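**Q** no FASTA, just this:
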């Protein structure tokens, strides 16, 4: 891997996994084809599966040069009445919903020079452990997650796939339904029905992949570059670093840090996410690792930590874009992010190693969060480096050097 890594939730009344469906079945994500054992279900291939192209976004009519249909962006669909982030990806709704209830304290007027900048910085991954990106195109991406090849929507893949149809047709799971990042849908299993979870490993950490109704799989592999950076900082340190992981999701970043020797505080507003993170902790064999699992709104937590005078050496924050609170409060990243970073600045220790911000699904240049980070860190010295996280296509065997797929924006302050 080049050294160059959002969030469940559930609606009331959500039912547990049901009985096994038959071959080639289509199941709502989050429902198992049987009792989930955390192990992949054996598959058989007695006949050639149907083309996965049916899982792509709406098809644009017209002449085509290959068997893959061209794709056309669908018109925006109405949001779920509760939030943009319902059910699984709705870990984000839970986080945002509670964050909206916290009163924002006044911003601190910062003096001093803005830190120097390094831009643009492209942090690139070709994969690690059980993950690599096989191919992209026509609004889709083909990924390898352990034993499974998975097809999911990817709006940034505007080009045509590089690999032939039969490679895509051999996928084990295909996400169908709303192609929006937060849209709900179903998983289709062209071969055999698969269980809800299966074992994965990245950077030496074992955890569970999960089929969810928001097309996510329990991990955001583009974050591998940040995880590897945290691991490297701990390995170079002469003491256990204190790491705060805000909006921590299923805990892979926290486990990577703890596995390297850090003392970790993991914060997430979703009980379901915390439960999954604890499952991953047990699977990784890190039951005794110094990790605090905090189920609470991130904004409320950091405000309380500021009043307590708590300090951290590394802070990772990956906030949601939008959400609604239980009393109609609204969280908007562009409105509330400045205050969040302002508080995070106060939580950095005198020997801080870094403050890392990642932003998904926002219509903005990386410059927007880059300049915000520089203003936040006025007078702190160091340097702010910002740009994009990308994943490089690696082909079927994981060794090719294909096209780069942009996944998110990031900004990172480091002391030097």
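**A** Okay, I see it. Just so we're clear, the structure is a prediction, and the values are computed from it rather than from any experiment.
**Q** could you pull out the helices for this protein?
**A** With helices called from DSSP state H, the chain shows them at 91-99, 165-169, 224-236, 252-260, 271-283, 298-308, 333-347, 366-376.
**Q** Give me the helices and strands touching the last one, please.
**A** In this case it means helix 366-376. Secondary-structure packing of helix 366-376 (3 or more CB pairs under 8 Å, 6 or more residues apart in numbering; DSSP states H and E): strand 117-125, helix 333-347, strand 354-359, strand 383-392, strand 404-414. Where you see a C-beta, it was placed from the backbone N, CA and C, and this is true even at glycine.
**Q** ok, back up a step: most tightly packed of the helices of the chain?
**A** Compared across those, helix 91-99 shows the largest average neighbour count, a mean of 28 (mean count of other CB atoms under 10 Å).
**Q** Make TSV out of the helices of the chain and add mean pLDDT.
**A** Formatted as TSV, the helices of the chain follow (pLDDT from 0 to 100):
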stretch	mean pLDDT
helix 91-99	50
helix 165-169	97
helix 224-236	97
helix 252-260	98
helix 271-283	95
helix 298-308	93
helix 333-347	94
helix 366-376	97
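**Q** Could you export the ones you listed to a markdown table, including columns for distance to residue 121?
**A** Below are the helices of the chain laid out as a markdown table (distance: least, CB to CB, whole Å):
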| stretch | distance to residue 121 |
| --- | --- |
| helix 91-99 | 25 |
| helix 165-169 | 32 |
| helix 224-236 | 10 |
| helix 252-260 | 19 |
| helix 271-283 | 29 |
| helix 298-308 | 25 |
| helix 333-347 | 18 |
| helix 366-376 | 9 |
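**Q** and of those helices, who's closest to residue 187?
**A** With respect to residue 187, and counting by CB to CB, the nearest of the helices of the chain is helix 165-169 at 15.8 Å.
**Q** Which strands or helices does the closest one pack on?
**A** Applying 3+ CB pairs under 8 Å, 6+ apart, we find helix 165-169 packed against strand 131-137, strand 140-145.
**Q** Need the winner for burial among those strands.
**A** strand 131-137 (a mean of 25).
**Q** now for it, which elements pack on it?
**A** By 3+ CB pairs under 8 Å, 6+ apart, strand 131-137 packs against strand 140-145, helix 165-169.
**Q** Could you rerun that using 10 Å?
**A** Under the contact criterion of 3 or more CB pairs under 10 Å, 6 or more residues apart in numbering; DSSP states H and E, strand 131-137 touches strand 117-125, strand 140-145, strand 148-153, helix 165-169, strand 197-202, strand 383-392, strand 404-414.
**Q** Backbone dihedrals for the residue positioned nearest the centre of the chain, please?
**A** Taking CA atoms, centre = their mean, the centroid of the chain lies closest to residue 220, which sits 3.4 Å from it. Phi and psi for residue 220, reported as degrees, to the nearest 10, are phi -110, psi 90.
**Q** so it makes contact with residue 209?
**A** No: Residue 220 is beyond contact range of residue 209, at 11.8 Å (criterion: CB atoms under 10 Å).
**Q** list residues touching both of these two?
**A** Common neighbours of residue 220 and residue 209, using CB atoms under 10 Å, 6 or more residues apart in numbering, are residue 250.
**Q** Of all the helices and strands packed on helix 165-169, which one is nearest residue 261?
**A** Nearest of those (CB to CB): strand 131-137, 23.9 Å.
**Q** What's the mean pLDDT across that closest one?
**A** Per-residue pLDDT over strand 131-137 has a mean of 98.
**Q** How far does that strand sit from its chain's centre?
**A** Offset of strand 131-137 from its chain centre (CA atoms, centre = their mean, to the nearest Å): 16 Å.
**Q** what do you get for stretch 152-163?
**A** Distance of stretch 152-163 from the chain centroid (CA atoms, centre = their mean) equals 19 Å.
**Q** Ok, stretch 143-160 next?
**A** The answer for stretch 143-160 is 15 Å, by CA atoms, centre = their mean.
**Q** and what of stretch 281-288?
**A** In terms of CA atoms, centre = their mean, the gap separating the centre of stretch 281-288 from the centre of its chain is 21 Å.
**Q** what does stretch 129-144 give?
**A** With CA atoms, centre = their mean, you get 15 Å for stretch 129-144.
**Q** Regarding that stretch, how distant is the last residue from the first?
**A** 10 Å (CA to CA, to the nearest Å).
**Q** Also stretch 232-252?
**A** Taking CA to CA, stretch 232-252 runs 15 Å from one end to the other.
**Q** buried stuff in that stretch?
**A** 233-234, 237, 240-252 (16 or more other CB atoms under 10 Å).
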